[in-house]
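Asks: sharing a sequence plus its predicted fold:
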Amino acid sequence: MKKNKITHISIIIAGIIFILIPVFHTNLWFDESYSVAIANKNFEEIWTIGGNDVHPVLYYYFLHIINLVFGSKIILYRLFSVMCMALLGIIGFTHIRKDFGEKTGLLFSLLVFFFPANIVYAGEIRMYSMAMLLVTLMSIYAYRIYKNKDQNYIKNWILFAIFSLSSAYTHYYGLMIAGIENLILFIAFILQAKKEKKFVCNLKAFIISAISQIVLYLPWVISLLKQVKQVSGGFWIQIHFPETLIEFFMFPFTGNLGTTSYIEFPLAILFGILICVYMIYIHNKNKKDEFLKNAKIAIILWITVAIAACIVSIIIQRPIIYARYMLCVQGLFIFFIACTMAKKGTEKGNIVIITTSIVLSILGACILSQENYGRINKEFQKYISENIKDGDILVCVNEQSGFTISSYFPNNKLYFIDEYKWNVAEAYKAYGETVYDLNFLEEYKGRIWIINTSNYNTYEKINKKYNVKLIDQKAFNVEYKNCQYTLTLVEK
């Protein structure tokens, strides 16, 4: 085996081991708790409940399959995300190396595993690493189709259609990039047909692919329209200048929104500036170089998704511009950097970028490990598991802390008191029942876990109305995501 292949495989093995370091824990934060909760439902329920959430459901289906085979295992859910990130790194060897050269493939794999944002989301129980993988594969097969536009490779079209549809069913930013790439292929083959004055074979293949995708996505369109209506009525994403722009710029390099450490933050800024300056320098120096054409296409697609999100936000009159959602096209962003460095980067410049990225990733892994394996996390989970009993109910308000606990104990019914009318009753059926006052306790007899964050307000309200018996109170400020819990156990 060639030395370059051995080096590449060694990087992949080292990278997989590296991204595994922070993931062997059972902590949850709110978004992850939703994934765990909905994975406990059956396929039909996932479709119905997920149709009232803000994301498509393919990722939840994969979690449910894991659930059916192994049970609800939080670490296995995390390992599924790790597997998707690992496969993304591996396609640097299996696909990108073949299409764009050994150096580009090697750098792509290296940056996938040792890019700061990726270490944060490699083990998250969310759809982002899966979306990165699917969008990147879709883009690779779109490239292969366009590159061989004079020939009709059915395999490429089938795989492109599968990854395109899967991207759309995983995240709406995946839907946007799938639509953009399908549109680009359509325009390319229309222009080819016009130039050759005939109906080219790939135009026929495109029509079949597009119709197939549309027909298979139609069942979800009702849910999509429902979600658009809900978003237009009220949504949690907000835009604040200049904070939103800073987050957007910082996120690919840190992967954190508002939780970056004081050490990591300035280093991430320098890293981001360094990459931007380096990329601009190389592309300005080699404006007409054909070798950089593919890198430019990748970053144009990345920018186009951001612009499309802005346009959709204007149309529905509510913002859907969120830095984390750009993780769906993170593979294109990394390819842009890897291809640019491989084709025209200087040896010293490449070493600086790679070294800085690895150092930041290691720093991020250390911070994550400290956060994920913290002592208070274990004490919190131990306290709950040792004290909760079958038949106990959980009660929480719009502070989200209670939802994570309910995901650990799906057999204990959760009542969510929606004080602020979030319009999430259908989506939150993943957790339990949504109520709007305390009347649901009128006929109840038994133990109640009342969950708040920094206060005991809900307990005080319940006690005032029903004069419940206090059994225990406990407060935890866990290291994982800095989540706070004030727990009150009472009996009515």
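Replies: In hand now; what should we look at? Please read all numbers here as calculations on a predicted model, not as lab measurements.

Asks: show me where pLDDT drops low in the stretch 251-400 of the chain?
Replies: 256-265 (pLDDT under 70).

Asks: where do the helices sit along the stretch 1-150 of the chain?
Replies: 3-20, 30-39, 43-50, 58-70, 74-91, 97-100, 102-113, 116-121, 128-147 (DSSP state H, counting those that start in this stretch).

Asks: pull out the buried positions in the helix or strand following the last one.
Replies: Meaning helix 128-147. Counting by DSSP states H and E, the next helix or strand C-terminal to helix 128-147 is helix 154-168. Under the neighbour-count criterion of 16 or more other Cβ atoms under 10 Å, helix 154-168 has 156-157, 159-168 buried. (Glycine included, C-beta is placed from N, CA and C.)

Asks: could you pull up the mean pLDDT of helix 154-168?
Replies: Averaged across helix 154-168, pLDDT comes to 97.

Asks: list the buried residues in the following helix or strand past it.
Replies: Sequence-wise, the next helix or strand downstream of helix 154-168 (DSSP H and E) is helix 172-196. Judged by neighbour count using 16+ other Cβ under 10 Å, the buried positions of helix 172-196 are 172-182, 184-185, 188-189, 192-193.

Asks: can you give me the distance of Gly51 to Val215?
Replies: Using Cβ to Cβ, to the nearest Å, we find Gly51 at a distance of 18 Å from Val215.

Asks: those two: which is more packed in?
Replies: For Gly51 versus Val215, neighbours defined as other Cβ atoms under 10 Å are more numerous around Gly51 (18 against 10).

Asks: I'd say the more buried one and Gln227 touch.
Replies: Yes - Gly51 lies in contact with Gln227 (Cβ atoms under 8 Å); the separation is 7.3 Å.

Asks: tabulate the buried residues of helix 154-168 (a markdown table), appending distance to Cys276.
Replies: Below are the buried residues of helix 154-168 laid out as a markdown table (distance: Cβ to Cβ, whole Å):
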| residue | distance to Cys276 |
| --- | --- |
| Asn156 | 33 |
| Trp157 | 36 |
| Leu159 | 33 |
| Phe160 | 31 |
| Ala161 | 35 |
| Ile162 | 34 |
| Phe163 | 29 |
| Ser164 | 30 |
| Leu165 | 34 |
| Ser166 | 31 |
| Ser167 | 27 |
| Ala168 | 30 |
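
Asks: from these, which is closest to Gln370?
Replies: Ser167 (34.1 Å; Cβ to Cβ).

Asks: ok, for that closest one, nearest residue in space, not its chain neighbours?
Replies: Nearest non-adjacent residue to Ser167, counting by Cβ to Cβ, 6 or more residues apart in numbering: Gly174, 3.5 Å away.

Asks: also Thr434?
Replies: Per Cβ to Cβ, 6+ apart, closest to Thr434 is Ala425, 3.9 Å.

Asks: what does Tyr278 give?
Replies: Distances taken as Cβ to Cβ, 6+ apart place Gly349 nearest to Tyr278, at 5.6 Å, with adjacent residues excluded.

Asks: show me where the stretch 201-350 of the chain has helices.
Replies: 201-233, 243-254, 264-285, 293-316, 330-344, 347-372.

Asks: hang on, the earlier thing: doesn't Leu134 make contact with the residue nearest to Ser167?
Replies: Yes - counting by Cβ under 8 Å, Gly174 touches Leu134, with 6.6 Å between them.

Asks: about what we covered before: could you point out which of the helices of the stretch 201-350 of the chain sits nearest Asp418?
Replies: Nearest to Asp418, of all those, is helix 201-233, at 14.1 Å by Cβ to Cβ.

Asks: and the contacts of stretch 90-109?
Replies: 4-5, 7-9, 11-12, 15, 89, 110, 112, 133, 136-137, 140, 143-144, 147, 294, 334-335, 337-339, 341-343, 350, 354 (Cβ atoms under 8 Å, 6 or more residues apart in numbering).

Asks: buried among those? Need that as a selection in PyMOL.
Replies: Buried subset of these, written as a PyMOL selection, criterion 16+ other Cβ under 10 Å:
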select buried, resi 8+11+12+15+89+110+112+133+136+137+140+143+144+294+334+335+337+338+339+341+342+343+350+354
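
Asks: measure the residue nearest to Thr434 to Ile311 for me?
Replies: Distance, Ala425 to Ile311, by Cβ to Cβ: 30 Å.

Asks: more crowded one of those two?
Replies: Taking neighbours as other Cβ under 10 Å, Ala425 and Ile311 compare with Ala425 leading, 15 against 10.

Asks: any idea how far Ala308 is from the closest residue to Gly51 other than its chain neighbours?
Replies: Distances taken as Cβ to Cβ, 6+ apart put Ser223 closest to Gly51, at 3.3 Å, once the chain neighbours are dropped. As for Ser223, its distance to Ala308 is 20 Å (criterion: Cβ to Cβ).

Asks: how is the protein carved up into domains?
Replies: 3-372, 375-491 (automatic domain parsing).

Asks: out of those domains, deepest packed?
Replies: Compared across the domains of the chain, domain 3-372 shows the largest average neighbour count, a mean of 18 (mean count of other Cβ atoms under 10 Å).

Asks: between the helices of the stretch 1-150 of the chain, which gets the lowest average pLDDT?
Replies: Note on those: helix 116-121 shows the lowest mean pLDDT, a mean of 91.
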